[in-house]
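Novice: Predicted coordinates and the sequence they were generated for:
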Amino acid sequence: MIMSSHIHIEPNALVTLDQTDLNRVRSSVLKSQISTYRLLARNLPVSDDLISSCSYQTQLASYIQSQLNINEQQQQPPHAISATIVLTDNKHQHVQQTFPSATIMYKTLAGLENSNNNVQPPIRRQEYLISLNPLHIQQEREKRVLNRMSFRLNELEQMPVQTNNHLNTKALIELKSLKLLTFQKQLRNEILSTMRKDTCLETALNPRSYKCPKRHLLREARTTEQYERQKKLEQEHRQKEKHNKFINQILVHVKEFREFHRHTQYTTQRISKAVILYFANSERELKKEQERNEKERIKRLMNEDEEGYRKLIDEKKDARLALLLSQTDAYIDNLKQLVRQHQQEQKVTNRQRGRPKIVSEQNSNTSTPEQKPLLSDESKFSTETVSIVNESLPLEAETQDQTAIVSEEIDESSTTNAVIDQTRNDEAIRNAVKQTATNEDDEYDAKESYYTLAHRILEPIHEQSKLLIGGQLKPYQLLGLEWLVSLYNNNLNGILADEMGLGKTIQTIALIVHLLDCKKNPGPSLIVVPLSTLSNWAAEFQCWAPNVSVIQYKGTPQIRKMLSQTIRTNRFNVLLTTYEYIMRDRSILSKVQWKYLIIDEGHRMKNHHCKLTQILNTYYTSAPHRLLLT
């Protein structure tokens, strides 16, 4: 390994090469080689100077020449050059050599450097002259072609637009062809590599692919041709037979298909005609029977035969109508019994309350001033109503009503079962028809009707209250208001069921205003509505009855606590709340003595086991009047 090199040039010339100088030369050679590889990878031309700088010998010679030029500028050039090289190796041996010229010296140095750097033995290769080396000639040729192509490419890109379209098209085709040079090279390389691979693989996998085929004689060719012709004829014959067989099967199927549908259509038409004829005959006979019965009824009516006429009418009834009328009559009878029982209990209650009222009227002159308004209010209430109306229904009456309803359901179920059992016998059906036909409607019943029995106290209403200023009620709404007032006068609870948009809310507001104006009953009334309709109820009260004091019981616990203080003062007429607050704040709301309990969207109370129903029947029993809207 060369540690250091000192070159002595005599006379009067000294060139010293250290290890750093050699490393500098090597790094410049490496940089030149990297630049050359980058240009070649991009298929760009490489200059001659860059190619020469890739050689280590050339770089070393140029460096030594530059050093000599520096020395020559400082001193005059010598007549003879004698260089001494001192080499130091690992064994610390010094070797001194003298060269007659600088050219021989740097060639020797380059050879020594290469021999020390390469560990492997040198490979002998054929040496060519620079002018006759085929590789150099090919490279030079390719370089010149690339230079011409790049020059032509730049020329075409910078060519101005001409008026001749033919020249422009020709130049554009040439420009695009030159730009496709790299793609053509890549495509050719891929084709060559693929062909080489395919050839190698086919030779390896199928060694018989390049084998010469055997020569066939003329006799063998004729025999083979005859055999192939015979096979082809046989195959065509089989295909023809198969095709004919398939066609015959299709024709047979078509024939069977047509026969089947023709027979089906004929059968269907025959049955349809028979059915139409049967119903036509039946309808004709039925019409004849009806005409005959009608003539018979008219004949008996003209002969003033009332029993025969009723008998014919009764025989016209059917079992379904008899069953329906029987169940309706049984249900109405049970309701009548309950109403009579309730009226009797109400009379007893009114008698018990009438005695202290008379005593209070006799002693009205000696009563205190605080008691006089109460007595005057009661006297007004008693004079304006048609009869004495119970102001509060006791809890015992409600329990008796509930027990009566339960007994009513039991009686109704037993009556229904009895009627259903009667339908199993034809004679029983005829008797039921005759019995129910005489009591078909309440208008022709000699007994008292259910509506007349329940609504004994009638109060006709022809106009709405003056406090109801939102608009005019329609005639059917006035009838609904009259029915609601009749419920109040007769101490009955009711269900107001109607379609949406027909004014159940307005009728309820009209009832409250009528009680406030005509009955002098300021309430308070409790209205339970869904949360979604609470604002609508408040808006309707504000529109139709702004003088009525309405409280909306909703909001946060703090707001409801503030509202509870107002509720305790009892200075309001109507309280609007929701199902949830009725159940959640029952400890506050159940302490108020409500005069009227109104529940909107009553279908939410599905049965007696519903939580809302249980809470209303347990905590809100003080309200004597109840109304359900649905």
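Specialist: Everything's here; your move. Numbering: from 1, shown residues only.

Novice: ok, and what's touching whatever helix or strand Ile527 lives in?
Specialist: Assigned by DSSP states H and E, Ile527 belongs to strand 525-528. Residues from elsewhere that reach strand 525-528 (Cβ atoms under 8 Å, 6 or more residues apart in numbering): 508, 512, 537, 573-579, 582, 589, 592, 594-600, 620, 623. For every residue, glycine as well, the C-beta is placed using N, CA and C.

Novice: next one: stretch 587-595
Specialist: 391-392, 515, 521, 523-526, 553, 564, 567, 570, 575, 577, 581-582, 619-620, 622-625.

Novice: Of those, grab the buried ones for ChimeraX.
Specialist: The command below creates a ChimeraX selection of those among the contacts of stretch 587-595 that count as buried (16 or more other Cβ atoms under 10 Å):
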select :392,515,521,523,524,525,526,553,567,575,577,581,582,620,622,623,624,625
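
Novice: From the contacts of stretch 587-595, which land in helices?
Specialist: Within these, residues falling in helices by DSSP state H are 515, 564, 567, 581-582, 619.

Novice: Closest to Thr452 out of these?
Specialist: Checking the ones in helices among the contacts of stretch 587-595 against Thr452 with Cβ to Cβ, the nearest one is Leu515 at 24.0 Å.

Novice: For that closest one, which non-adjacent residue is closest in space?
Specialist: Of all residues not flanking Leu515 in the chain, Asn521 sits nearest, at 4.2 Å (Cβ to Cβ, 6 or more residues apart in numbering).

Novice: where in the stretch 151-300 of the chain is pLDDT low?
Specialist: 163, 197-212 (pLDDT under 70).

Novice: Quick one: the helices in it, in order.
Specialist: Using DSSP state H, counting those that start in this stretch, the helices assigned to the stretch 151-300 of the chain run over residues 165-179, 181-205, 218-302.

Novice: Any chance you could list what contacts the first one?
Specialist: Contacts made with helix 165-179 from outside it, assessed by Cβ under 8 Å, 6+ apart, are listed as 149, 152-153, 156-157, 159, 161-162.

Novice: As TSV, those residues with neighbour count and distance to Pro475 would be great.
Specialist: Listed next are the contacts of helix 165-179 as TSV, based on neighbours: other Cβ atoms under 10 Å; distance: Cβ to Cβ, whole Å:
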residue	neighbour count	distance to Pro475
Met149	14	106
Arg152	13	105
Leu153	15	101
Leu156	15	100
Glu157	11	97
Met159	13	100
Val161	6	94
Gln162	10	98
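
Novice: Select from those every entry located in strands.
Specialist: Using DSSP state E, no member of the contacts of helix 165-179 sits in strands.

Novice: nearest to Glu283, of the residues you listed?
Specialist: Nearest to Glu283 among the contacts of helix 165-179, with distances taken as Cβ to Cβ, is Val161, at 97.6 Å.

Novice: got the contact list for that closest one?
Specialist: Contacts for Val161 (Cβ under 8 Å, 6+ apart) come out as Asn168.

Novice: from the contacts of helix 165-179, which single one is nearest Pro546?
Specialist: Val161 (88.6 Å).

Novice: How much space separates that closest one from Leu178?
Specialist: Applying Cβ to Cβ, to the nearest Å, the value for Val161 to Leu178 is 19 Å.

Novice: again, but for Gly470
Specialist: When Gly470 is compared with Leu178 (using Cβ to Cβ), they lie 94 Å apart.

Novice: Please identify which of these two sits among more neighbours.
Specialist: More crowded of Gly470 and Leu178, by other Cβ atoms under 10 Å: Gly470, with 17 against 14.

Novice: which residues touch that one?
Specialist: Counting by Cβ under 8 Å, 6+ apart, Gly470 makes contact with 506, 540, 543-545.

Novice: how much space is there between it and Thr452?
Specialist: Per Cβ to Cβ, Gly470 is found 34 Å from Thr452.

Novice: and what of Arg219?
Specialist: The spacing between Arg219 and Thr452, counted by Cβ to Cβ, is 128 Å.

Novice: ok, now Ser47?
Specialist: For Ser47 relative to Thr452 (Cβ to Cβ), the value is 128 Å.

Novice: and what of Ile191?
Specialist: 113 Å.

Novice: try His216
Specialist: For His216, the distance to Thr452 - Cβ to Cβ - is 124 Å.

Novice: and if you look at Glu234?
Specialist: Relative to Thr452, and taking Cβ to Cβ, Glu234 is found at 107 Å.

Novice: Please apply the same query to Gln33.
Specialist: Distance from Gln33 to Thr452, by Cβ to Cβ: 126 Å.

Novice: His263 now?
Specialist: In this view, His263 and Thr452 are 70 Å apart by Cβ to Cβ.

Novice: Show me the shaky parts of this protein.
Specialist: Across the chain (using pLDDT under 70), the flagged ranges come out as 1-18, 71-132, 163, 197-212, 306, 309-310, 312-326, 353-451, 453-454, 501-502.

Novice: who wins for proximity to Arg456 among the helices of the stretch 151-300 of the chain?
Specialist: Comparing those under Cβ to Cβ, the one sitting nearest is helix 218-302, at 38.6 Å.

Novice: I am assuming Ser486 contacts His455, so please confirm or correct that.
Specialist: Yes - at 4.7 Å, Ser486 and His455 qualify as touching, with contact defined as Cβ atoms under 8 Å.
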